[in-house]
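**Student:** My questions are about this predicted structure, shown below with the sequence.
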Amino acid sequence: MVDTFSKAKFWKCALQVNPASYTSYRGNEQSLTEDEYNKKLLEVCLEEGIKVIGLADHGNVDSVDKIRETLTSQGIVVFPGFEIASSEKVHLVCLFDEQETVKNLEHFLYELNIDTSNGTLPSPHSADFILNKIREKGGFVYAAHCTDDNGVLNQKLNNIWKNELLVAAQIPTTVQSLKEQGDQANYQILTNKDLAYKRTFPMVLINAKDVEDPETLRKENASCLIKMTEPSFSAFCQAFQDPESRVRLNSDIREQYYSRLESVSFIGGYLDGVEINYSEHLNTIIGGRGTGKSTLIECIRYALNLTPIGKQAREQHNKIVKFNLGTGQIRLEIKSATKHGQCYQITRRYGQSPVVSDMSGEISSFTPNDSLPEVEIFGQNEIHEIANDPSEQLKVVDRFLNREQIEQSSGIADIEDKLVNTGKEITALKEQVSEFESEVKKLELLEEDAKRFKQLGIDEQLKALPVLATEKTLFSAVKTEVIEFSDSLTELAKELPSAESITDEVIADFPDKELFVELKKLVTNLSKDAETLLAQISNKFSTGNVDIVSLEKRLEASVQEHELAIEKEFKKINPVEGKSGKQIGQEYSQLVKDVAQLKPSRSKLSEAQEKLSKHEAERKKHLTSLSEKMSIRSSKFEKGVKKLNKKLNGNIRVNYTAEGNRKSLIDKIVAFKIPGVASGKLQWIQTAQHFSPMLLAEKILEGRDAIVGQNWGCTDSVADKLEKISNAQVMEIEEFIVDDLVNIELNISDNVTPVFKELDSLSTGQQCTALLHLLLLDNRDPLLLDQPEDNLDNAFIADRIVMQVRKAKLTRQFIFATHNANIPIFGDAEWIGVLEANADGASLPNSNQGSIDQKSIQSLAAKILEGGKDAFNRRKEKYGF
């Protein structure tokens, strides 16, 4: 694949490579011819991924052209140069532009009075003179093997070390290894802590082992890493103006596992033809108004199926996507950390769902959220919307607290389910108890009425009636039990285990598939046997039901016969108060039947009350467990907040209050639609002291006076209405979990002593700054922001946000649309894309993509980006324009 050089990345650079003849300086013979040596250099460079070499023969440039010709033909950039010794005998490597001629190099050596016939002899000129002369000639100088023989530190020449024209020094391995080896003196100097050697700008440290054998290039300390868009001497020199971002030792780079948007492309719509290959670090989209910066961000959001926060943001998002994507299509290529580095394509047209496929084109069942679960995208002013919504602030903080993991391990969800289930059981049982209590009350009245007949002696005359009524009631109850059991057999047959999931296809690759074959056979036989037995039992009960119906008919006939005989006895009853014996007998007969029918209610009431007591006791146990688990959960969150505040380095402070946002409880009660109880009349819940949903539920059950007596601020009228809500609603309040509350504070002080102010007392710009600090922290998925500077203070961007981005971009991808100079320039964006608008839409040619080490991008950035006089002066220092 041909590199289009559209983004800055680290290139491997070996900056002290010697020609074939160099080995003679060390008294050795070269076994390879010059051509063989050069070809071997090329071979090792290609195998090791070395893109740039610096030639550094001692005071000689005779081999430059042949090496350059061999390597540049395969895309390797060669910086010609030489190594020389100053009059102080300090070795310096001088490198020049890849186009520099040998003739000019020879002239430079002549001006430095170097004897090219014996290049190891020192120049009569001082190191300061050489540094000035090489800078004058457009070259670059670094101190060779600074801690070893002929090194500037080895010779304790602090005046040379402190010369700001000397920007880099070669060390043998790492600074830390020097410390571990006991070289404390050099460790202090290299870390810029020794006052005698202290520099305004710390020395840039590189690895550049003296290469006399091509195989030496394979060693880790033979090369270093320089970040450039397209490798060139100009970009190389600029990298040393921002070494913190652009210069690394090979040992500094460790694989980082995080997600990224690899590329985005458009077919049709306003951005038709736009293709971007993003950097895995900091990406910035710049351009004038109407060039499509917001459109690009919103279309990516649309492809990932993410919904903006807030009504206004959603409306703006829908409008932008509908108008600018239209019938076109957006395609993303992503790399997912959640899916262990797998890459996927996501395509979407307006009005359709996103389609996820693997890189071979096979459609995947994953959604964009499955691959990038924590990607964050915020449009213009969206961060400000978070600042006005405590629940959204909690979501931002939650990802640092491992909320999902803590919630899953807490067992709270399980307790909540149990509370819901017991609540339903209690509600049903209370209804049963109420029903049975009503029936028992009727029974008691009937039994009271029966005493009247007893006083008349009628119960003795008609003593067979209660027995007959009991016969019918008992027979009916037993018959019902049999029918219910018979029906349950049918349902049980449907629940028999099945081994249908064990198919030949599923177990084809199982190492123990024979065991699964046996298992399927065993389960199938068990189910068949059980099915046969159930069928036999069902048949028995079917036959039995027929027999029971037959018995029931016989019983009804017998009872009817007895009742007819008893009715004849009615005539023998003496009339009472104008009622005939027959009327009194019929009345008593109905009373006896009603008593017989209601009599089981007593035992049913007792049974229901016992069950209710057990469920209420169980519920109390669950509520106690919930309180304990909530306390444990809160403790874990508090510890997480402490860790988070340490990461925030005093820039902002997060305060956590467990179950502190009671608005959700107010919303819950409002949803009950209690007449005359709107949200405004429940605001006392927000500020009530010594308050919890459980305590509120307890006081509601105790009554109006108990609620008012808590001094929460609840009015008598509201308390009176709360007292009347249902038991089910009381339990919903009792088991309700109030949202946690986070309070974010920004340090507004520039001094050592912090001054924190709460979010709601800050300006819009300060609010957004505080939240942006949080958004920039740990996350394996990308962060996309559309012009965040619109609500940020310019000083905060330069002094705080940019510094945080520079650190965070090593372990997270950022994509910002911006018109502020600070983010792409001082953030050292690896990719800058300059969108342009034309009559047909927006365009982003390859020439408009790159980094700030390219003159075309420098020019466009200076022209388009906003910034004050100070920003432009700082740019000049950095870019030289």
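**Tutor:** Here it is on my side, so go on.

**Student:** how about the strands in the stretch 251-400 of the chain?
**Tutor:** Under the criterion DSSP state E, counting those that start in this stretch, the stretch 251-400 of the chain contains strands at 260-267, 275-277, 282-286, 329-336, 342-349, 355-358, 376-378.

**Student:** nearest to residue 503, of these?
**Tutor:** Smallest distance to residue 503 across these (CB to CB): 25.2 Å, for strand 355-358. In short, each C-beta sits where N, CA and C put it, glycine included.

**Student:** and the closest one, what other elements does it pack with?
**Tutor:** Using 3 or more CB pairs under 8 Å, 6 or more residues apart in numbering; DSSP states H and E, the elements in contact with strand 355-358 are strand 342-349, helix 368-371.

**Student:** Other residues contacting it?
**Tutor:** The set of residues external to strand 355-358 that reach it, using CB atoms under 8 Å, 6 or more residues apart in numbering, is 342-348, 363-368, 370-371.

**Student:** cool, stretch 687-706 as well?
**Tutor:** By CB under 8 Å, 6+ apart, stretch 687-706 touches 623, 627, 659, 662, 665, 685, 707, 709-710, 712-713, 716, 719-720, 722-723, 725, 730-731, 733-738.

**Student:** And it, what's buried?
**Tutor:** Under the neighbour-count criterion of 16 or more other CB atoms under 10 Å, stretch 687-706 has 688, 691, 692, 693, 694, 696, 697, 698, 699, 700, 704 buried.

**Student:** Check stretch 67-84 too.
**Tutor:** So for stretch 67-84, counting by 16+ other CB under 10 Å, buried means 67-68, 70-71, 76-84.

**Student:** Sitting in helices, which of those residues do you find?
**Tutor:** Those of those mapping onto helices are 67, 68, 70, 71, per DSSP state H.

**Student:** All the strands of the stretch 551-700 of the chain, in order from the start?
**Tutor:** Under DSSP E, counting those that start in this stretch, the stretch 551-700 of the chain gives strands at 652-661.

**Student:** Flag the shaky bits of it, pLDDT-wise.
**Tutor:** Across the stretch 551-700 of the chain, the ranges flagged by pLDDT under 70 are 565-586, 588.

**Student:** swap in the chain?
**Tutor:** 1-2, 25-27, 453, 455-462, 464, 565-586, 588, 791-796, 798-799, 866-881.

**Student:** Name the nearest residue to the one residue sitting closest to the centre of it, sequence neighbours excluded.
**Tutor:** Residue closest to the average C-alpha location in the chain (CA atoms, centre = their mean): residue 374, at 2.9 Å. Closest residue to residue 374 in three dimensions, ignoring its sequence neighbours and counting by CB to CB, 6 or more residues apart in numbering: residue 781, at 4.2 Å.

**Student:** tell me the contacts of residue 823?
**Tutor:** By CB under 8 Å, 6+ apart, the neighbours of residue 823 are 284, 789, 797, 801, 802, 805, 816, 829.

**Student:** Which of the residues you listed fall within helices?
**Tutor:** Using DSSP H, the contacts of residue 823 in helices are 802, 805.

**Student:** Pull out the buried residues from the contacts of residue 823.
**Tutor:** Buried among the contacts of residue 823 by 16+ other CB under 10 Å: 284, 789, 797, 801, 802, 805, 816, 829.

**Student:** Out of those residues, which comes closest to residue 448?
**Tutor:** residue 801 (84.5 Å).

**Student:** Now do the contacts for the closest one.
**Tutor:** Per CB under 8 Å, 6+ apart, neighbours of residue 801: 769, 772, 773, 776, 788, 792, 822, 823.

**Student:** top of the residues you listed by neighbour count?
**Tutor:** Within those, residue 823 tops the neighbour count with 29 neighbours, counted by other CB atoms under 10 Å.

**Student:** And that residue, how far from residue 235?
**Tutor:** 21 Å (CB to CB, to the nearest Å).

**Student:** Could you list which of the contacts of stretch 687-706 belong to helices?
**Tutor:** Per DSSP H, the contacts of stretch 687-706 map to helices at 623, 627, 665, 685, 707, 716, 719-720, 722, 730-731, 733-734.

**Student:** List the neighbouring strands of the host helix or strand of residue 205 plus their orientation.
**Tutor:** In the assignment (DSSP states H and E), residue 205 maps to strand 204-206. Strand 204-206 has the following strand partners under DSSP bridges: strand 168-170 (parallel).

**Student:** one step back: sort out for me which of the contacts of residue 801 are in strands.
**Tutor:** Nothing among the contacts of residue 801 maps onto strands, per DSSP state E.

**Student:** Now render those as CSV, adding distance to residue 396.
**Tutor:** Output for the contacts of residue 801, formatted as CSV (distance: CB to CB, whole Å):
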residue, distance to residue 396
769, 14
772, 10
773, 10
776, 11
788, 14
792, 16
822, 23
823, 20
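
**Student:** that older thread, which one of the helices and strands packed on strand 355-358 lies nearest to residue 18?
**Tutor:** Short answer: strand 342-349, nearest of the helices and strands packed on strand 355-358 by CB to CB, at 41.3 Å.

**Student:** Please state the offset of that closest one from the chain centre?
**Tutor:** 19 Å (CA atoms, centre = their mean, to the nearest Å).

**Student:** for stretch 432-450, same thing?
**Tutor:** For stretch 432-450, the distance to the chain centre is 61 Å (CA atoms, centre = their mean).

**Student:** Contacts for it next, please.
**Tutor:** 459, 591-592, 594-595, 598-599, 601-602, 604-605, 608-609, 612.

**Student:** Please name the residues that touch residue 843.
**Tutor:** 273, 274, 835, 836, 837.

**Student:** Give the bridge partners for it, please.
**Tutor:** If you apply DSSP bridges, the partners that residue 843 bridges to are residue 836.

**Student:** What separation is there between it and residue 837?
**Tutor:** Distance of residue 843 to residue 837, given as CB to CB: 8 Å.

**Student:** Residue 764 is in contact with residue 384, correct?
**Tutor:** Yes. If you go by CB atoms under 8 Å, residue 384 and residue 764 touch, sitting 5.8 Å apart.

**Student:** What helices and strands are in contact with the longest helix seen in the chain?
**Tutor:** For the chain, the longest helix by residue count, based on DSSP H, is helix 513-569. In terms of contacts (3+ CB pairs under 8 Å, 6+ apart), helix 513-569 is packed against helix 464-494, helix 504-507, helix 581-598.

**Student:** what's the closest of the contacts of residue 823 to residue 144?
**Tutor:** residue 829 (32.8 Å).

**Student:** Pretty sure the closest one sits against residue 286.
**Tutor:** No. Judged on CB under 8 Å, residue 829 makes no contact with residue 286 at a distance of 9.3 Å.

**Student:** Now list whatever residues contact both of these two.
**Tutor:** With CB under 8 Å, 6+ apart, residue 829 and residue 286 have no common neighbours.

**Student:** which residues in the stretch 151-300 of the chain form helices?
**Tutor:** With DSSP state H, counting those that start in this stretch, the ranges of helices along the stretch 151-300 of the chain come out as 158-161, 175-180, 184-190, 233-239, 243-246, 293-303.
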